[in-house]
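> after the sequence you'll find the predicted model.
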Amino acid sequence: MTTHTGPHPTRRLILQGATCVALIGLGNLAFAPARAAANDKYPDEAFKLKNEADAIKALYGKTAEASDKIKLDAPEIAENGGVVPISVTTTLDKVTSISFFVAENPNALAASYKIPDGTIPAVANRLKMAKTSNVTAIVEADGKLYSATKEVKVTVGGCGG
């Protein structure tokens, strides 16, 4: 006659334990970027400005120079101003941020992205445009600002009507 003094480790018990350990480990990893991002100050003032030059100055504190190393891809004619697809890629080194500005929108700054080290500097988005306007992409690379601009004709109103 054999007596057992504790629970037998069944396959189900082992899998449950392994799953709990994995989820606890992943839970700690998932919150690490959120804690780091919480230290970045949201550029609230830049998003409120109506003028493109003022918004660029508020966001970056300097002006940009045009560059052929930035590829701004946007349609020449946007059938619906509510969803205008736009993307930016660049061959510049040490890119730290990419931002989109729409000159004729109620607020000029449409989107701004921080680019972590080692990340391919490419961003795509769908912007809302009030009316036909120049779209400007600003790329911050190695402490300098570079830009590319393209006019997008809007046939149906977006954020303006």
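Nice, I can see it. Remember, predicted model here, so these are calculated numbers, not experimental data. Residues are numbered from 1 along each chain as shown.
> what are the bridge partners for the closest residue to Ile70 other than its chain neighbours, then?
In this structure, Ile70 finds its nearest non-sequential neighbour in Ala148, 4.0 Å apart by CB to CB, 6 or more residues apart in numbering. C-betas here are computed from N, CA, C, even on glycine. Under the criterion DSSP bridges, Ala148 forms beta bridges with Ala137.
> helix or strand: which one has the most centrally placed residue in the chain?
Centrality entry for the chain: nearest residue to the mean C-alpha point is Tyr113, 3.7 Å, by CA atoms, centre = their mean. Secondary structure assigned from DSSP states H and E places Tyr113 in strand 109-114.
> one step back: contact partners for the residue nearest to Ile70?
Ala66, Ser67, Ile70, Lys71, Leu72, Val88, Thr136, Ala137, Val139 (CB atoms under 8 Å, 6 or more residues apart in numbering).
> now with 10 Å, please.
64, 66-74, 88, 90, 135-139 (CB atoms under 10 Å, 6 or more residues apart in numbering).
> quick revisit: so which bits of the strand holding Tyr113 are buried?
Leu109, Ala110, Ala111, Ser112 (16 or more other CB atoms under 10 Å).
> swap in stretch 122-141?
123, 127-131, 133, 135-141.
> count of neighbours near the residue lying closest to Ala66 once chain neighbours are set aside?
Leaving aside its chain neighbours, Ala66 sits nearest to Ser147 (5.6 Å; criterion: CB to CB, 6+ apart). As a burial measure, Ser147 scores 18 neighbours (other CB atoms under 10 Å).
> nearest to Gly81, of the buried residues of stretch 122-141?
Of all these, Gly81 sits closest to Met129, with 4.3 Å by CB to CB.
> report whether that closest one is found in a helix, as I expect.
No. Assessed with DSSP: H, G, I helix; E, B strand; the rest coil, Met129 is coil; it does not lie in a helix.
> so it makes contact with Gly82?
Yes. With contact defined as CB atoms under 10 Å, Met129 counts as touching Gly82 (8.2 Å).
> and Asp93, how far from Tyr60?
18 Å (CB to CB, to the nearest Å).
> my error: substitute Asp68 in the last question.
20 Å.
> who's more crowded, those two?
Per other CB under 10 Å, whichever of Asp68 and Tyr60 has more neighbours is Tyr60, with 18 against 8.
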